[in-house]
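Peer 1: For reference, the sequence and a predicted model appear below.
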Amino acid sequence: MSAVKKIRVKNRLAAAVRAPGGKTIAEAVAGAEARLEDIKDDCLASLDSILASMAELIENPKYLPREDVLAALYELSNDVVGIAGVAGLGDMGRAAFSFCDLLDVFIDQGGWNAAAVEVHMNGLKLLRTMSDKIGEAGRAQILEGLFAVVKRIKASATPPAA
Amino acid sequence: MSEPKSGPKPKYNLETAKILLVEPAAHGLEILSQIFTGFGAKAPHRATNAEDAKTIVKKTDLDLIVCESQLEGDIDGYDFVKWLRHSKIEPNNFTTVMIISGHTQKSKVEKARDCGANFIVAKPLTPKVMIDRVIWVARENRSFIECADYLGPDRRFHSIGPPPNTEGRRSDDLPLEVGEAVEPNLSQDDIDAMLQPKRVQR
């Protein structure tokens, strides 16, 4: 068994945040939220651009299920996870997370299911364009459906050989 | 993390903190920048890939690094943190690092655990979650652990002894089973005396 060395380190961040002045938690949160509000429209535009790139990859049969395309699709969907909440579309972010989960199964264990991919893509589009109209219950129903699809795909996927 | 209900609320100052934000996507970097600027940070350093981040690490003493797990190119966020911890570039090799991650691929969970980051924050990022995590990492005083396959903050958050069925590798590892007492129990007065120091006359 290898030896373990314990090193005491100075927490430089602690010293920095203790400097006089600064903001309370509430002030810091309010300051950041105000700034994020300013870029909300840019985030919505980014989401549209990402969705268009994803649709292009999915709708082109020559691309799928190529490994590099799956990776690109996964990255794009992960971008949606990071942006949707800031754009006020938290449920869209959760749908994108579910899509990442699905794509990770294909990347990690192989396989492909066009219907599962399509239903995620449609869910994302719906949550982007009709979020207010379908309401909270409608959004929850969409998410429930997407989670069920991923659960089924995971259950049927063959684990990679050890 | 909540603030005290009465009395002056504590303040946290990020104005002079040297912060590096690493995020490959332009919109992601913008979101991070806006959050930290909103917290009061002045012009945090920004990088979109590991190479640029390394250049900044070599030139500037940093107090906090916030890095996305997925970076473009061969080096991802976990590799970057591992490089940093082994870089011997003081004090940055001991700098607080928060990894931010959207979905984490199953194949990368172990890599995330072992890279040497202080904290992993799941996206979507909200200002409340971020400030809570920043304060949390600013308050922590975990030692660094260096062994054959890990260099970074102690991953044992609680003193629950060494892993099950092992004797432990650390000199201060204690067995989970407590031995028999070797001295009489302290009386309540002895305990009170330790907890309630009293003023004495000279």
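Peer 2: Sure, I can see it. Residues are numbered from 1 along each chain as shown, chains lettered A, B, ... in the order given.

Peer 1: May I have the host helix or strand of A:Phe99 exported as PDB, CA atoms only?
Peer 2: Per DSSP states H and E, A:Phe99 falls inside helix A:90-109. Taking C-alpha atoms only, helix A:90-109 is exported to PDB below (Å, rounded to 0.1, in the frame of the first residue of the first chain):
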ATOM      1  CA  GLY A  90     -35.400  25.200 -16.700                       C
ATOM      2  CA  ASP A  91     -37.600  22.300 -18.000                       C
ATOM      3  CA  MET A  92     -35.900  22.600 -21.400                       C
ATOM      4  CA  GLY A  93     -32.600  22.200 -19.500                       C
ATOM      5  CA  ARG A  94     -33.900  19.100 -17.800                       C
ATOM      6  CA  ALA A  95     -35.000  17.600 -21.200                       C
ATOM      7  CA  ALA A  96     -31.600  18.300 -22.500                       C
ATOM      8  CA  PHE A  97     -30.100  16.500 -19.500                       C
ATOM      9  CA  SER A  98     -32.300  13.500 -20.300                       C
ATOM     10  CA  PHE A  99     -31.100  13.700 -23.900                       C
ATOM     11  CA  CYS A 100     -27.500  13.600 -22.700                       C
ATOM     12  CA  ASP A 101     -28.300  10.600 -20.600                       C
ATOM     13  CA  LEU A 102     -29.700   8.900 -23.600                       C
ATOM     14  CA  LEU A 103     -26.800   9.800 -25.900                       C
ATOM     15  CA  ASP A 104     -24.300   8.600 -23.200                       C
ATOM     16  CA  VAL A 105     -25.900   5.200 -23.300                       C
ATOM     17  CA  PHE A 106     -25.300   5.100 -27.100                       C
ATOM     18  CA  ILE A 107     -21.700   6.400 -26.700                       C
ATOM     19  CA  ASP A 108     -20.800   4.200 -23.800                       C
ATOM     20  CA  GLN A 109     -22.600   0.900 -24.800                       C
END
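
Peer 1: Figure out how far whichever helix or strand comes after that helix is from the centre of its chain.
Peer 2: Downstream of helix A:90-109, the first helix or strand assigned by DSSP H and E is helix A:114-129. Put simply, helix A:114-129 sits 14 Å off its chain's centre (CA atoms, centre = their mean, to the nearest Å).

Peer 1: And helix A:114-129, what does it pack against?
Peer 2: With contacts defined as 3 or more CB pairs under 8 Å, 6 or more residues apart in numbering or on different chains; DSSP states H and E, the packing partners of helix A:114-129 are helix A:40-59, helix A:90-109, helix A:131-156. In this view, the C-beta of every residue, glycine as well, is placed from N, C-alpha and C.

Peer 1: follow-up on the earlier one: what comes up buried for the helix holding A:Phe99?
Peer 2: For helix A:90-109, the neighbour count (16 or more other CB atoms under 10 Å in any protein chain shown) marks A:90-107 as buried.

Peer 1: And stretch B:145-156, by the same measure?
Peer 2: For stretch B:145-156, by 16+ other CB under 10 Å, it's B:145-146, B:150-154.

Peer 1: and what of stretch A:12-28?
Peer 2: A:12-14, A:16-17, A:22-23, A:25, A:27-28.

Peer 1: what does stretch A:49-66 give?
Peer 2: Buried-residue list, stretch A:49-66, by 16+ other CB under 10 Å: A:50-51, A:54, A:57-58, A:64-65.

Peer 1: next one: stretch A:145-162
Peer 2: Using 16+ other CB under 10 Å as the test for burial, stretch A:145-162 gives A:146, A:149-150, A:153.
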